Structure formats: structure tokens, C-alpha cells
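Undergrad: what follows is a protein structure lacking sequence information:
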């Protein structure tokens, strides 16, 4: 048994934030019914395609059932109402007010299902002066503070080559839904809305940057590959042109590292005994470590660092990840088969539960693959379904 078996989720979202949240529920046994427009979720056509379908799609929407419904039509809206009548969770990531315009807002759906939990993911949340503005992950990463501190000080801010703002919002949403379900089931509570703004999810990752600014007026800036005030923790170039990361900011680890690279003078320097002292001499320490790594190939440097119990690692490409023994040992590189038999490597399931682990039962479904079965299970007869198809409502 998986931990979320018996939980029913209706996913109304498209692209990234809503579907990424839905994937977590599906991986751990919830029945996730993904409602797509008859033309399909746009993610089906993003980036690299295999026979017309995005490879990302197969991961983002695994273990879900695909039902098509045009939510702009009354018939499509009624499909959602029927499916949501006994659902535990509805996930949506439309602009605020869109569901209400379609008659599918929380109050309407919860009227006949008071235990319903609705996860609402949007750029700026369901309230406030920016509520009605369009907001993608890139905007959230910028407004939330992440972009400002990412990159080198003499260059413009950069972005991670990932949709990290959407992913962070999704994770906050999953946590919020699980808390709301626990309250409902353990405390005799009702359902509720979990309101996640993408910019707030990013802002929640900003550590002590706000109190630092509030009390001292100091604004955390871009520092390239190091970490403000945490020394040494940086990226260093090896003789064979590889980049490795060394994190030796704990006091005892710092001393071991300095002795290992032949800098006993720095290891025993009382002014470097704690992080506050080291932060004042970050450039000097980085230069010493970089001088040592520059004399060795990456494999030799990492071997020496591991022997000295200094946290370190190569900066992995996807090729490194796919072949890595640790990933393989923890079942994080899975191989599935597409409908035509093509093998496909996909990420494993996170997190690992010892008693009720999640799994991959099937890859992202064909468009509308489960429409007839799901509608039939919710009271639609064969003729009704045929009429919906003729109307192009599904």
C-alpha cells in the first residue's frame, strides 16, 4: 500500500506548478485525475519530443489519469463539479478569479463537499494589489529575491536553467495540502484553501537576508560561486579543467583541509579558528585552496578530500548523474517503457519512505486516455459521453 491510497485529487493546472504538485500525490498512491483542455496541456509540446510528445511530459504527469474537458463550456464545468463532489483535493494554477468565472471556485465546489481542500498556485496569491497580474516562475524568482543574489557581482543577475520558482511553489503547496488534510481528518476540521504565491515560496528560501537588511541595512549581493559569509565554500578549478565544490566551513573540517593541502600556517592561525574570522579572509583562503586543486586532476583532488573527510564533489552534468553509483544504488535512475516500447530514463521517486514507498506505475498518459472510464465512474452514460464528444466538450 502507498501512503496516499484512497486520496482523490482533481488537477486543473497546466504546465509546471500545478502538475508538479500533482505528481507528488500520484507518486505516493493518490488517484490524480488531470483535467486537460481538449487540445491538451501545452507541456505536451515543450522541449524535446518523442513522436510528438514532450519527454518532460512523461515524468511530470506520470501515474495520473488524463480526462479532457473544456472548462469554458457548461458541460466541461459540470464534469469538474461531478468529479470534485467526492474529491479530497483540487489543484489549480490559473490566474485568480478564473475558476470563479467558470463557476468552479472553492465556495461552490465545497458547498456539496465541505471536506474539500483546494490548492491554489498563482504568481502573487489570491489577495493583494498584484493579485490579478500574470505571474510566471521567472517573475517570482525575481520578485522573491533569488535572481538578485544569483550570479557574479560584475555581471547582470542570472537564472538557474530550470523552473525553480514553480517547483518551490509546488513543494510548499504539497506541504500545505498535507497539513490541511491532517487537520480535517485528525482534528475534525473542514476543508480549506491552501493559497501559495510563487514569489512567496521563493522568498521563503531567502534565509536571513531580510533580518540582516532590517537590522543592519546590509543587502545581500551576488558573490559568484561562493556563499556570503560562509567560508570556505566555493568552486575550484582542477588541473584537468574540471570544477569541483569544496565545503569546509565547519571549524574542524577547515583545519583538516588546511593541513591536507600543506597550509598548516592557516590551520593553526587563531584568527581563522571560526567562520567569522575566515569570512574576513575569504579571498586569501580561496586562493590557497585553488592553488592546491590546480596541481591535481579532479579525480585525485576528490580522492584526497574524501580521505580527509572534507565535503566535496564534482559539478555533475546529466551524463554524470545517469552513471553515478549513488544515484543507481538509491533507485534514482529508473527506466520505463513508452507505449511504443522505447526505453526512457526518468528520475526516481522522492522522498524515500521505508514502509510505504512511492513508485512509478505508468508514464504520463495519452491525451484523454482515461476520459471515458472516469466519466463512466461518475455517472455518465455512453450516450452522454458521445454527446459531449460531439459538442467538443471533451
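TA: Received the coordinates, thanks. This is a predicted model, so every value here is computed, not measured. Residues are numbered from 1 along each chain as shown.
Undergrad: who's in contact with the residue most central in space within the chain?
TA: Nearest residue to the geometric centre of the chain (Cα atoms, centre = their mean): residue 167, 2.8 Å. Applying Cβ atoms under 8 Å, 6 or more residues apart in numbering to residue 167 gives the contacts 16, 17, 20, 137. C-beta here means a position set from N, CA and C on the backbone, and glycine is covered the same way.
Undergrad: and these as TSV, adding secondary structure?
TA: Formatted as TSV, the contacts of residue 167 follow (DSSP: H, G, I helix; E, B strand; the rest coil):
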residue	secondary structure
16	coil
17	helix
20	helix
137	helix
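Undergrad: of the residues you listed - the most surrounded one?
TA: Among the contacts of residue 167, residue 17 has the most neighbours (other Cβ atoms under 10 Å), with 30 neighbours.
Undergrad: that residue and residue 101: what is the separation?
TA: As defined by Cβ to Cβ, to the nearest Å, residue 17 lies at a distance of 20 Å from residue 101.
Undergrad: which residue lies farthest from the center of this protein?
TA: residue 265 (43.8 Å).
Undergrad: picking up where we left off before, mind putting the contacts of residue 167 in a markdown table, pLDDT and distance to residue 235 included?
TA: Shown next, in a markdown table, are those (pLDDT from 0 to 100; distance: Cβ to Cβ, whole Å):
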| residue | pLDDT | distance to residue 235 |
| --- | --- | --- |
| 16 | 96 | 28 |
| 17 | 97 | 30 |
| 20 | 98 | 28 |
| 137 | 94 | 25 |
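Undergrad: ok, which pair from those residues is furthest apart?
TA: Among those, the pair separated by the greatest distance (Cβ to Cβ) is 20 and 137, at 10.5 Å.
Undergrad: how far does the top helix by length along the chain sit from its chain's centre?
TA: For the chain, the longest helix by residue count, based on DSSP state H, is helix 164-186. Centre-to-centre, helix 164-186 and its host chain are 12 Å apart (Cα atoms, centre = their mean, to the nearest Å).
Undergrad: ditto for stretch 308-324
TA: On the basis of Cα atoms, centre = their mean, stretch 308-324 sits 21 Å off its chain's mean C-alpha point.
Undergrad: now do the end-to-end distance for that stretch.
TA: For stretch 308-324, the first and last residues are 22 Å from each other (Cα to Cα, to the nearest Å).
Undergrad: in it, what's buried?
TA: Buried positions in stretch 308-324, judged by neighbour count with 16 or more other Cβ atoms under 10 Å: 310, 312, 314.
Undergrad: same deal with stretch 344-356?
TA: Residues of stretch 344-356 classed as buried: 346, 348, 349 (neighbour count, 16+ other Cβ under 10 Å).
Undergrad: which of those sits closest to residue 325?
TA: Using Cβ to Cβ, residue 348 is the member of the buried residues of stretch 344-356 that lies nearest residue 325, at 14.4 Å.
Undergrad: touching, the closest one and residue 331? I think so.
TA: Yes: applying Cβ atoms under 8 Å, one finds residue 348 in contact with residue 331, separated by 4.8 Å.
Undergrad: wait, what's in contact with residue 38?
TA: Per Cβ under 8 Å, 6+ apart, neighbours of residue 38: 68, 69, 70, 368, 392, 393, 394.
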